[in-house]
Each structure stands twice: as structure tokens, then as C-alpha cells.
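this is a predicted model, with the sequence first.
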Amino acid sequence: MITSREIIPVIWAARFATARIRAGWRSRVIIVASVLLTTVIGAMSPLYTALVAQVGMVQRLDSQPLETVNITSRIGLSSLDANFYEVWGTLDTSVRQSARTSFDSINLDWLNEIDLWSESASMFVVRGDTDIPNLKLHAAYYENWEARVQVIEGEIPPSSPAEVAGAVSSELAARYGFAVGDVITLDQRGWATSRPFNVEITAIIAPLDGHDPFWIAPSPLRLDTAQNSVEANILVSRDSLLSILSNDIPQASSAVGWRFLFNHDALAFGRIPQAVEQVQHFDDALGQLLGAGQGSAPTINTHLPAVLTSYADEINLLNAPFGVLMLQVAALVLFFLLITVTLTQRSERHEVAMLQNRGALDGQIMLLRAFEGVIICVIAALVAPYIARQALIFAAPMLTHTHQVTLELDALPFIYSGVMSVWALGVLIITLRPVLKLPLISAGGSTVRAIRQSWWQRYYLDLLLVVVGSAALFRLLATNSPFAQSLLSGLRADPLLLIAPALLFIALGSITLRLFPSLTDLTARLFAGRRGAEGALATWSVSRDPAHYARLAFLLALAIGIGWFAISFQATLTRSYTDQSRYRVGADVRLFEQDVQPDTISTATLETYAELDSVRAVATGFRIDDLNLSLDGLGVTAGQFLAVDSESFEGTAYWRDDLGRLTLPSSSNLPETGILLPTGTVRLGLRLRLRDSILNRQTGEHTDGVLLISSLFDEFTFFVRVRGGDGTYSQVQLNPFAIEGVEDITDLSRFNLNVNIFAPPAQVEAETSRLQAALEGVSGWVYFAGEIDTGLVSPLTLDTLYWRTNLSNGWSPMAQRELEIAGLMPLDVDDQPLNDDLMEVETWSLTLDNPTLIMTSQFERMPADEGRGWSVVWSQRQERTYYIRYCFVSTCAIYSLGN
């Protein structure tokens, strides 16, 4: 049981300690500052780790495609399924409330914006009375799009009234020649209830800020190019789009969706688990909310949980290095605190001697000092996390170039701060014991001669560090790299080379301290011979206790050295980040040429760009993303195809010589392809015939089947690629215009076998007889022609003939398709042939976009009585693309170019 006799000294010590701090706080400023610095460093350890992780998280999210770190959703609706006015009212409100409920609990500023959007079904574009080939437009509305664009020409909203006012992108306008004031007709043609309507182009626009998350894919101003057709948006007002969807295309399915744009600067790193959980919960809630209505199944796209989880897992691997770094800093601060408190205690010898002279016991003095330390350390432990947090928030934007830093306080900074305050309290108490053991007569301390060297100097450890550090520094300067060859012939960082500057810094500082006593003695003798006592007394006091002042000098040198280290480390980090970014980018500028004219590929020569100011080197490259590298075609092996010019690439690519030599593939001596077209060629004509080849089960041979005349019109697309003299490629579409032996080609259904596989035999026989009568005297040859772009520079070279078809024979594995190609003729302005049949040459070869999906295929000469063309026989189950290419040599390397 604790008695009052034991409590009274404790109460007295607590009251006396409080009174001493209130009365003599100025004399304890150094101690308070040292303890506060120690606790701030302790609190800064987890906060600094969180800050590094926070900045890295923001940079990781910023480096991802915007559509992967935001949320996009869509659902297909038609006016017959739902009332669009109700969707844009009640459902929009429910979606926004669900989003705010899910994400505002994490941070009110994290979910930055919710945008409603809608696009109609694609529609054909009619200018004048003619369809614009290969172009379809969507009437689209994106919430607040008017404030996100810059108007290049025209105005938003238009000053003059229009039936429907629309804005198109500058890229679309340049490609198809649209101008302000043009009136185009959009025709859906998909449903009987759809009707054409006019749209006046009142503005040509471009993104106001290309880095704005508003332009995430699919962008409101995107141009989608697929299978030689272009789809784009024409932006209209909300009321105009609602009118179009309700009145002009009520039955066609239109897309309605929401885009949830986040401000990831406002997301704290420590909230990643909660954020991932909320995003997944919101995905489920949004799916249920949108799926409850009518229309197609909702689609929700985001990779935000995967990106955040992956980054959090990577950061967990860095906790150990961060912890070691901050422990080193904490040890340095404790060393600083120990020296500072020791020096401060020397000035308190008189006060301690006075207490001892008045009968105070050593235990009472220690208890008094313990209460003083507890008061100081508790206050410092509570205040330090807030100071550390504000210091990091203030300094982080200047050091990391971020606009906003979100740093939340949890229990961990207070725990670290409390641990450091306990250590500081121990230092305050331990350093008092040597003072208590001093005799009262030596309380002044001015006459006591101190030691002249520290223990590490007496054992010459500093000289040993100089030798080791000098050897490591010499090797570092000789190799100009911190990397060393490992036993497995790999490169790794040599830890001795990395630590060499730190070893030299400590060792040289200690060696300098060896000279300090001699310098103080010499200085004292110089001042002793002069008139005046101030200099002599000061230098005499320093020379009598050189170790005390040497520690102060060493502490000052240590602080300066740490400052220089921070400056040099900043330069090291800058170089590291620069190396990484330049290595990832590969060059200072990456240029993608965009052709103004459709179906044209033109590239400027390297000399064109090399002659520009400030251009040191130029190289060409070609990349295909999302390529399936599977050799058997049965699985998916995702990859990229990259081709570079070996001769010029090394001059533009960034590469560090200390990592080894940049190895480039050798240039392939591929044969030149193409056949020269005669001067004056303006058109190309082609003669084709398509028919079934049926397998005879008894003989095992294929016999000629039915001519597929209408399929050449409806289910095939033929192109010719022509190369100009300047290297520009032009794609010429060949269109059918005549059938040999047929005058009227308006109704091609009469050439089809119009029965299904379940028809009775009598109907099949009757339909077969009708078809034979219709094909009597018809050879089946269909004539195609296409205009060559007049802008191509002569001489012209025919490079490739290719076609795409969705005609499959999935209903019968015994059927094959046979396409006969003949009569590829260059024509002049009068449609007169300028040369013999180009198909007569022998060096055409065939390739397919995916040969593994072709069941059988053969490419051979047609019979002599049919001409000098080629016959292609194949069996397929999916849409495929075929190429035949002319080569100047008998063997030619053919590349599959894909769909």
C-alpha cells in the first residue's frame, strides 16, 4: 500500500518541475527544441513513407490510360423500351446518389465529376444527294461538352436558328471537307420507323485541354476506323438529341451512360483498401440499378481496383527500405539530442550543485528532472505529428511537382512520436547522472580539463575508414558506374561503392577533429601575445576543453554534410527519373503522321524532319499493339510487333553505355514488291467469278457448283493498293458494275438458290430448275473498277490486291469457295487498256490474315481456256482477309497484315 510519505515527494517533484519550466523556460529552449525535433522525426517516419507512397500512387494513376482509372458505364435503350426523358431524370438522379453514397465516405473531393452521355445508333451521311462513302455518324450529347472544347470555326450555340445544330471535330472536318454552314442528312436505314433528318454544322471544334479526363476513351470527338469505314460523333444539344431519339430513330438502340471522373490527388494512400472495396461495391450497385430497367445488359468498365491493389502490393515491398532509412535518420537525431543535452547539462552544474548544497538527494533531483522531461516529451509527442504533417504537405508540392497532397493522420505517427519521446526522456535522465557525481567544488567546470580525443580516435578507426572509403571511391571514379559484374555474369549494384562517400565523409570529419586541439592551442598562443583579454580568455577556454568544442564543430560539419547530401541526392533522383522516362519514351519526340485524305498512307522522308531546327537525329519505327503471337491459333498470346530502322534507330534511342551495348536487329533484305503501272493509268479494272466447289463423297473430288453472283456484290469487298513515286500508298476500292451476259443487274436475287436446307425435295428441284434457266448463257464473270487517286505522284506501282469476305460455309464442311481472278487491267481516261492482263505474270503469291482458321486453301493457275488468271479455293468458318501480292523475284516473303 502506498503511503502519504511516499506520495508527497512525488507531488512535490511534479509541482516543482512545473514551476521550474514556467519560470525558466528560456533556459530550456534548446532541450525543448531538441526533444521536439526528435519526436517530429519519429512522427515523420510513417508520414514520409505514406507521402512517398501517396505521390507514387498519384503518378501511377496518372500514367495509366484515363479510361482504366475512371469508371465508364453504358446501357443500350430505344424509345420503345424506355422514356428517355425519364431515364435522364429519375435514373440519372439515382445513379448520382448511389455514386456519392459510395465515394464521399472516403473523401468528398475524390469523385470529382459525374457526366451523363448518350449516343444514337450509327447513321449514314448524305451530302447533297450522295452518300459519303465509308462514313457513319452518331448524334451524341456529353454533359457540359460545350465548356470543354475550343471553337475553331463557327459558334456555340449558333446565332441563327437551325433544325438541328451540330459540331464536328477538326480532324473529321479536314478529312471529309466539312465546313460551317454545311447541311448534311443523317439516315439510320435500320428500321421502318427511322426517318432521315437534317443537321447543320454550326461549329468545328477541338479539345480545349487534351489532358482533361473528360476526353477519356471513348472520346466524344473520336474517329473509329474499322474495316475501311469511319465512325464519328456529331455533338448536339441535349434537347436536340432527345428529339432525335424519340422522333427520328425511335426503334434503333442508342447508348446511354455515365462517366465517373476521379481526382486521385484527393485519395489518401492509406484509404486504398476502402477505396477498392467501395469501387467494387459501386460496380455491383450500378449494375443492379441499370439492369433493373429495360434494354440491353449494362456495361461497366474500370481497372481502378486492380491498379490500386497492384500498387499497394508493390509498396509493401518498400516498407523495409523506408523503415531502415528512417531508423538511420532517427539514430542521427538521437545522437544530435545526446550531444545537445550533454552540452546543456554542463551549464546546469551550478543549479544541480545548489540543490545538492541545500540537502536534495540524487534521487530527488532525478525525479525532478524526470517530471520535467515527461512534461516536455508528452507535449512534444502530441504536437509533433501535426508539425510533421504540415511540413510534408508544405514541402511536397515543391519537391514532387504535385498540385495537391493528401496526407491523413492515423495512430501510427503518434505511436512513432511516442516511442521517440520515450527515448528522448531516457536521454534527458541518463545525461544527468554524470553531473550528479561531480564534486561540489568542481561544479563550475571551468577548471576541469576534459579529454582531448574520442574513443574512435584513440583506436584509429577513422584512419581505417579513410583507407576503405578511398579505395572504394577510386574504383567508383575509375569505372564511372556503381554496378559490378556478379558471379553469374550479371550486373548488380556494389554496396561498398554506394557507401563509399558516406565512409569518407565520417572519416575525414574525424581526422579533421584530430587537428582541432593543436589549432586551438596555436590560436590561444597568438591571442595571448596581443593586447586585450577577450580573445585570450576565449581561446584559452576553448583550448582547455577542446573535445567539448570539437563535438560542436563536428555536429556543425555533420549538419552541413547532410545538407550537401540532400542536394546531391536530389540530383541523383532527378537523373534516375530522367533515365527511366527517357528509356521508356525512347526519343524526345514521337511523331505519328495523320493522313488528311481517307484510304491514303503517306510518310515524309527522314530528310524532311532532319532538316528542321534543333533536330539531331531521326529514325522510323512501326508498332502493332494487341497482337496475337500464338503459333497454333488455338490460344491467345498477347504481344506487340515492333520494327525499327537499324541504321538510324541508334541515333535517337536513349541508352546508357554502362548497362551494356545496344543490340539492334540486322536489316532484312526483303525483296521489293509491286509491278509498275503504265503512264496515264487512272483506273483499274478487274474480272472475277465465284462459285461453290462441292465434294463428291464417292470419288473424293470437287465438282463445280452454283455460281455465287450476288455474293460478289453483297459479301465481298475488293481493294487494290497502289504506291506512288514518293512512297505514298493509296487504297483503291473496286466496285462491281457489270455481269458478263446480263443486262439488268438491279435484281440479283434471281441468281440465288432461294431455298433452305429444310425445304422439301420437290421445292428444291423446282428452284434448281429455275436457277439453271436464269443462269443459262451467263458465264458468272463480274466486272469491277476503281478510280486511282489523282494526287499520287508518278510512277505508280501496283502493290497488292486483297479482299475481305464474311461469306462462310459453316453449314457444310464439304463445300469450298472458288474465286477466279482474271483481267486486272490498267485503264486510261477513256477506259481503254494500257497494258496486258497483269494477272498473267507468274510471281503473284497468296497470304491470309490467319491461316490457322482456314480449313483448306490452294492458289493456282486457271485452266488455259479460261484465261491467264489465278484460282483461289478455300474453306472457312469465319470472316477472313486474303492478299495476293506481286513480287519481282520468284519467291517473296509475305506478311499477314490482319483484318
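Okay, I see it. Numbers count the residues shown, from 1 in each chain.

contacting residues around stretch 76-93?
For stretch 76-93, contacts defined as CB atoms under 8 Å, 6 or more residues apart in numbering pick out 116, 118, 238, 242, 245-246, 250-256, 258, 289-290, 293-296. No exception for glycine: its C-beta is placed from N, CA and C like everyone else's.

what is the end-to-end distance of that stretch?
18 Å (CA to CA, to the nearest Å).

just the contacts of stretch 76-93: which are in strands?
Using DSSP state E, the subset of the contacts of stretch 76-93 located in strands is Leu116, Ser118, Ser254, Ala255, Val256, Trp258.

how about the residues you listed, which pair is most distant?
Spatially, the most separated pair among the ones in strands among the contacts of stretch 76-93 is Ser254 and Trp258, at 14.6 Å (CB to CB).

can I get stretch 78-86 in CSV, CA atoms only?
Provided in CSV are the C-alpha atoms of stretch 78-86 (Å, rounded to 0.1, in the frame of the first residue of the first chain):
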residue,chain,number,x,y,z
SER,A,78,-34.6,2.6,-77.5
SER,A,79,-37.5,4.9,-77.2
LEU,A,80,-39.8,1.9,-77.5
ASP,A,81,-38.1,0.3,-74.4
ALA,A,82,-38.0,3.4,-72.2
ASN,A,83,-38.8,7.0,-72.0
PHE,A,84,-35.6,8.9,-72.5
TYR,A,85,-36.9,11.9,-70.6
GLU,A,86,-37.5,9.6,-67.6
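
now that stretch: how far from the chain's centre is it?
With CA atoms, centre = their mean, to the nearest Å as the basis, stretch 78-86 stands 38 Å off its chain's centre.

in the stretch 151-300 of the chain, which spans are strands?
For the stretch 151-300 of the chain, strands defined by DSSP state E, counting those that start in this stretch occupy the ranges 165-169, 183-187, 197-207, 223-226, 229-235, 254-262, 299-301.

check what pLDDT Tyr416 gets.
We have a pLDDT of 86 for Tyr416.

that one contacts Pro46, doesn't it?
Yes: counting by CB atoms under 8 Å, Pro46 is a contact partner of Tyr416 at 5.6 Å.

hang on, Thr72 in a helix?
No: Thr72: not assigned to a helix; according to DSSP: H, G, I helix; E, B strand; the rest coil it is strand.

how many neighbouring residues does it have?
21 (other CB atoms under 10 Å).

enumerate every residue touching it.
Residues near Thr72 by CB under 8 Å, 6+ apart: Ile216, Gly257, Trp258, Arg259, Phe260, Ile300, Asn301, Thr302.

quick check: domain ranges of the protein?
Following the assignment in automatic domain parsing, the chain carries domains at 1-64+303-446, 122-252, 449-585, 600-659, 675-886.

what's the end-to-end length of the second one?
Its start and end residues considered, domain 122-252 measures 9 Å (CA to CA).

rewinding a little: which single one of the ones in strands among the contacts of stretch 76-93 is nearest to Phe554?
Phe554 lies nearest to Trp258 out of the ones in strands among the contacts of stretch 76-93, by CB to CB, at 63.9 Å.

distance of that closest one from Thr520?
According to CB to CB, to the nearest Å, Trp258 and Thr520 sit 76 Å apart.

swap in Leu801?
According to CB to CB, Leu801 stands 95 Å off from Thr520.

more crowded one of those two?
Higher neighbour count among Leu801 and Thr520: Leu801, with 24 against 21, using other CB under 10 Å.

the helix or strand in which that one is found - contacts with which helices or strands?
For Leu801, the host element (DSSP states H and E) is strand 797-805. Helices and strands touching strand 797-805, by 3 or more CB pairs under 8 Å, 6 or more residues apart in numbering; DSSP states H and E, are strand 675-676, strand 716-723, strand 815-827, strand 880-886.

what separation do you get for Pro517 and Ala391?
Distance, Pro517 to Ala391, by CB to CB: 39 Å.

between these two, tell me which one has more neighbours.
Between Pro517 and Ala391, Pro517 has the larger neighbour count (other CB under 10 Å), namely 18 against 14.

nearest to Ala266, of the helices and strands packed on strand 797-805?
Among these, if distance is taken as CB to CB, the winner is strand 880-886, at 48.0 Å.

how about Leu690, secondary structure?
Here Leu690 is strand, with the state taken from three-state DSSP.

with Ile106 as the reference, measure out to the residue nearest to it when sequence neighbours are not counted.
Once flanking residues are discounted, Leu690 sits nearest to Leu708: 4.5 Å by CB to CB, 6 or more residues apart in numbering. Using CB to CB, we find Leu708 at a distance of 61 Å from Ile106.

compare those two (neighbour count), which wins?
Shown here are Leu708 and Ile106; by other CB under 10 Å, Leu708 has more neighbours (24 against 19).

mind checking how far the more buried one is from Tyr460?
For Leu708 relative to Tyr460 (CB to CB), the value is 98 Å.

what's the answer for Trp110, then?
Distance from Trp110 to Tyr460, by CB to CB: 59 Å.

with neighbour numbers in mind, choose between those two.
Of the pair Trp110 and Tyr460, Trp110 is the one with more neighbours under other CB under 10 Å, namely 20 against 11.

would you mind confirming that that one makes contact with Ala268?
No: proximity of Trp110 to Ala268 does not meet the contact threshold set by CB under 8 Å, at 9.2 Å.

thought Leu748 was touching Leu708?
No: counting by CB under 8 Å, Leu708 is not a contact partner of Leu748; they are 10.4 Å apart.

so where is the stretch 501-650 of the chain shaky, pLDDT-wise?
Within the stretch 501-650 of the chain, the stretches with pLDDT under 70 are 545, 547-548, 551-552, 555, 558-559, 562, 565-566, 569, 594-604, 631-636.

helices of that one, start to end?
Here the stretch 501-650 of the chain has its helices, by DSSP state H, counting those that start in this stretch, at 534-544, 546-585, 606-610, 646-649.

off-centre distance for the second one?
Taking CA atoms, centre = their mean, the mean C-alpha location of helix 546-585 is offset from the chain mean by 32 Å.

now for that helix, which elements pack on it?
Judged by 3+ CB pairs under 8 Å, 6+ apart, the packing partners of helix 546-585 are helix 319-347, helix 495-528.

same thing but at 6 Å, please
helix 495-528 (3 or more CB pairs under 6 Å, 6 or more residues apart in numbering; DSSP states H and E).

just the buried residues of the helix it packs on, please?
Within helix 495-528, the residues that count as buried by 16 or more other CB atoms under 10 Å are 497, 500-501, 503-510, 513, 516-517, 520-521, 523-524, 527.

ok, stretch 463-474 next?
Within stretch 463-474, the residues that qualify as buried are Leu465, Val466, Gly469, Ala472, counting by 16+ other CB under 10 Å.

kindly reformat those as TSV containing pLDDT.
Converted to TSV, these look like this (pLDDT from 0 to 100):
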residue	pLDDT
Leu465	81
Val466	82
Gly469	79
Ala472	78
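
out of the residues you listed, which are inside helices?
By the criterion of DSSP state H, membership of those in helices covers Leu465, Val466, Gly469, Ala472.
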